[in-house]
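Asker: test case, fold it:
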Amino acid sequence: MANFKKMNVDDATRKSVDLLLDNAFKRNKVAFKKPKLSKREKQEIRDLLKNLQDGVKNLTKQQTDK
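Answerer: Here you go, the predicted model:
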């Protein structure tokens, strides 16, 4: 059950970010090609997203604990 909730949160987060970025790009008429990232750059982005997710989880936990 915990994995199911985590998966739903991850999916919702991913979809929200995708929609937000797509909207911002469309509003500013930005068109781009997919960047070619190195393995190191991809891992850095994954680590950044993981840290952001952990921060959001901690923040929401603090808000619900009050």
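Asker: mind telling me what element the spatially most central residue of the chain is part of?
Answerer: Taking Cα atoms, centre = their mean, the centroid of the chain lies closest to R14, which sits 4.8 Å from it. Using DSSP states H and E, R14 maps to helix 2-27.
Asker: outline the domain layout of the chain.
Answerer: Domain segmentation of the chain under automatic domain parsing yields 1-32, 34-66.
Asker: assign N51 to helix, strand or coil.
Answerer: Counting by DSSP: H, G, I helix; E, B strand; the rest coil, the backbone at N51 sits in helix.
Asker: and it, how many residues sit next to it?
Answerer: Residues within reach of N51, counting by other Cβ atoms under 10 Å, total 10. Where C-beta positions appear, they are placed from N, C-alpha and C, glycine not excepted.
Asker: quick check, pLDDT for it.
Answerer: With respect to pLDDT, N51 scores 91.
Asker: where does this protein have low pLDDT?
Answerer: For the chain, the stretches with pLDDT under 70 are 1-7, 66.
Asker: rerun at 50
Answerer: 1 (pLDDT under 50).
Asker: before we move on, back to that, go ahead and measure how far the helix holding R14 is from the middle of the chain.
Answerer: 6 Å (Cα atoms, centre = their mean, to the nearest Å).
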